[in-house]
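Undergrad: Generate a structure from the sequence data that follows.
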Amino acid sequence: MFLICEVVEQALSTGYLTVEAEQQLRQLLKTKYSWQDLNAFMTLQEATMNGLVKQESRQHKNFEFSCN
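TA: Residues are numbered from 1 along each chain as shown. I've put the predicted structure just below:
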């Protein structure tokens, strides 16, 4: 089983958070986790807000626009 820190490290190193990683984070956040994992998650949130990490799920939504 992965730890939140591991998922965050992967996203920070690649600059990209996949849909699968987001789902994994949601599941991990439902379980008991350490303060290190919480800090890592907050770091990921900050990196995402600052544009350092792109979310795959947000990129897909941009293509769903329709003029109908």
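
Undergrad: these two touch, right, residue 17 and residue 45?
TA: No: contact status for residue 17 versus residue 45: not in contact, 10.5 Å apart, counting by Cβ atoms under 8 Å. Yep, even glycine has a C-beta here, placed from its N, CA and C like the rest.

Undergrad: Just want to know which of those two has more residues nearby.
TA: residue 17 (23 against 12; other Cβ atoms under 10 Å).

Undergrad: Phi and psi next, for that one.
TA: Here is the backbone geometry of residue 17 (degrees, to the nearest 10): phi -110, psi 110.

Undergrad: Next, count neighbours for the nearest residue to it once chain neighbours are set aside.
TA: Nearest non-adjacent residue to residue 17, counting by Cβ to Cβ, 6 or more residues apart in numbering: residue 11, 4.4 Å away. By other Cβ under 10 Å, the residues close to residue 11 number 24.
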